[in-house]
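Visitor: The following block contains a protein sequence and its predicted model.
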Amino acid sequence: MPLLKEIIYGKIIDILLSEEIMDKTVENIIENIDFSMKMEDMPLTEDDKYRLRNCITGKVDINEVLQETIKKYTLVEA
């Protein structure tokens, strides 16, 4: 019986990690974030969604993206 359970769990994990499911999950996360931002009158741009997608899927390091964003929007006093 334990072997059957391992096989079933393995199949479930394969399904959850499949690209199709991951793509839908990533898009759902982005839609939820966009909805929340729209409520604050700050909808996500396509660039924002692209950055989020890359962070969520691990294509880029989220800390690097945060540092770049902070640097981009930080005012430098002269």
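Guide: Nice, I can see it.
Visitor: Can you give me the buried ones in stretch 34-47?
Guide: Buried residues in stretch 34-47, counting neighbours by 16 or more other CB atoms under 10 Å, are found at 34, 44. Placement of C-beta: from N, CA and C, glycine included.
Visitor: how far is that stretch from where the chain is centred?
Guide: Relative to the centre of its chain, stretch 34-47 is centred 15 Å away, using CA atoms, centre = their mean, to the nearest Å.
Visitor: ditto for stretch 58-66
Guide: That offset, for stretch 58-66, works out to 10 Å (CA atoms, centre = their mean).
Visitor: List the contacts of it.
Guide: Stretch 58-66 is contacted by residues 51, 53-55 when judged by CB atoms under 8 Å, 6 or more residues apart in numbering.
Visitor: Which among the residues you listed count as buried?
Guide: Among those, those classed as buried by 16+ other CB under 10 Å are 51, 53, 55.
Visitor: In contact with the first one, which residues?
Guide: Shown here is residue 51, whose contacts under the criterion CB under 8 Å, 6+ apart are 60, 65, 69.
Visitor: quick one: secondary structure of the residue nearest to the last one when sequence neighbours are not counted?
Guide: This points to residue 69. Nearest non-adjacent residue to residue 69, counting by CB to CB, 6 or more residues apart in numbering: residue 51, 8.0 Å away. At residue 51 the chain is in helix, as set by DSSP: H, G, I helix; E, B strand; the rest coil.
Visitor: Can you tell me how far residue 53 is from residue 27?
Guide: To residue 27, residue 53 is 8 Å away according to CB to CB, to the nearest Å.
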